[in-house]
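K.L.:
Turn this into a structure:
(chains A and B)
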Amino acid sequence: DAEITQSPRHKITETGRQVTLACHQTWNHNNMFWYRQDLGHGLRLIHYSYGVHDTNKGEVSDGYSVSRSNTEDLPLTLESAASSQTSVYFCASSDPGQQETQYFGPGTRLLVL
Amino acid sequence: RKEVEQDPGPFNVPEGATVAFNCTYSNSASQSFFWYRQDCRKEPKLLMSVYSSGNEDGRFTAQLNRASQYISLLIRDSKLSDSATYLCVVNRNQGGKLIFGQGTELSVKP
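P.N.:
Next up is the predicted model:
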């Protein structure tokens, strides 16, 4: 069965370190998205991609970057982790023909100390 | 003001109750509307789309009022398994980017 996975599921890091969160989908979807979810803010879009080598900034992109070298993966990098980036991170993908249905990964809980 | 705003929660209701969630959106150019469900500490999942004429899926009924920029979700005969956070979601038709409301938590008690 097609799926979307994230790794690691939990991560503890220190401020200033670079961290990369992986997202892998086997739906063969062109659209992929990264969100963060915090109490009081709901899901906020960080970066998104509509295909290989395409990346775009979302609502809260400062301090984050993504790259899309293939259809299946969209890794999210925190250049220099800050305590304000402690959050739950969700990756999602969708088919351009069914844009409203986004399939989410299980999430990564990141704690920055 | 947030682009998508929902009723504050939590809603605590007994089994069998009818509960309604409301949502407003500020961008009149919004094209598509949805309700997602999120169980505690898990990923959101699409519950149902919301159509202009209103639509029903079993015990769930969704309504859209474009003039008032208002969306609703009605759950009839609540079950314990309905306990979750319900997210109101809007698509501005800009390449599949979804705008999520904060969510309303529902707790159904025996």
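
K.L.:
mind listing the strands in chain B by residue range?
P.N.:
B:4-6, B:11-14, B:19-25, B:32-38, B:44-50, B:55-57, B:60-65, B:70-75, B:84-91, B:98-100, B:104-109 (DSSP state E).

K.L.:
Just tell me which of those strands ends up closest to chain A.
P.N.:
For the strands of chain B, distance to chain A was read as Cβ to the nearest Cβ. The smallest value, 4.1 Å, belongs to strand B:98-100. For the C-beta atoms, the positions are set from N, CA and C on the backbone; glycine is no exception.

K.L.:
In its sheet, which strands sit next to that closest one, and in what direction?
P.N.:
On the basis of DSSP bridges, the sheet neighbours of strand B:98-100 come out as strand B:84-91 (antiparallel).

K.L.:
Low-confidence ranges, chain A, go.
P.N.:
Along chain A, segments meeting pLDDT under 70 span A:99-100.

K.L.:
just to revisit the earlier point, would you list the strands of chain B in JSON lines and tack on mean neighbour count and mean pLDDT?
P.N.:
As requested, those are exported to JSON lines (neighbours: other Cβ atoms under 10 Å in any protein chain shown; pLDDT from 0 to 100):
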{"stretch": "strand B:4-6", "mean neighbour count": "20", "mean pLDDT": "93"}
{"stretch": "strand B:11-14", "mean neighbour count": "14", "mean pLDDT": "96"}
{"stretch": "strand B:19-25", "mean neighbour count": "19", "mean pLDDT": "95"}
{"stretch": "strand B:32-38", "mean neighbour count": "21", "mean pLDDT": "94"}
{"stretch": "strand B:44-50", "mean neighbour count": "19", "mean pLDDT": "93"}
{"stretch": "strand B:55-57", "mean neighbour count": "12", "mean pLDDT": "93"}
{"stretch": "strand B:60-65", "mean neighbour count": "18", "mean pLDDT": "96"}
{"stretch": "strand B:70-75", "mean neighbour count": "20", "mean pLDDT": "96"}
{"stretch": "strand B:84-91", "mean neighbour count": "24", "mean pLDDT": "94"}
{"stretch": "strand B:98-100", "mean neighbour count": "24", "mean pLDDT": "90"}
{"stretch": "strand B:104-109", "mean neighbour count": "17", "mean pLDDT": "96"}
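
K.L.:
quick one: which of those is nearest A:Ser69?
P.N.:
Among these, strand B:98-100 comes nearest to A:Ser69, with 24.6 Å by Cβ to Cβ.

K.L.:
picking up where we left off before, can I get the strands of chain B in TSV with distance to A:Asn28?
P.N.:
TSV is the format used below for the strands of chain B (distance: least, Cβ to Cβ, whole Å):
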stretch	distance to A:Asn28
strand B:4-6	30
strand B:11-14	39
strand B:19-25	31
strand B:32-38	22
strand B:44-50	19
strand B:55-57	27
strand B:60-65	30
strand B:70-75	31
strand B:84-91	21
strand B:98-100	20
strand B:104-109	34
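
K.L.:
Need the contact partners of stretch A:6-15.
P.N.:
Contacts of stretch A:6-15 from elsewhere in the structure, counted by Cβ atoms under 8 Å, 6 or more residues apart in numbering or on different chains, are A:19, A:21-24, A:80-83, A:89-91, A:105-113.

K.L.:
Now that stretch: buried residues?
P.N.:
Residues of stretch A:6-15 classed as buried under the neighbour-count rule (16 or more other Cβ atoms under 10 Å in any protein chain shown) are A:Gln6, A:Lys11, A:Thr13.

K.L.:
Much appreciated, bye for now.
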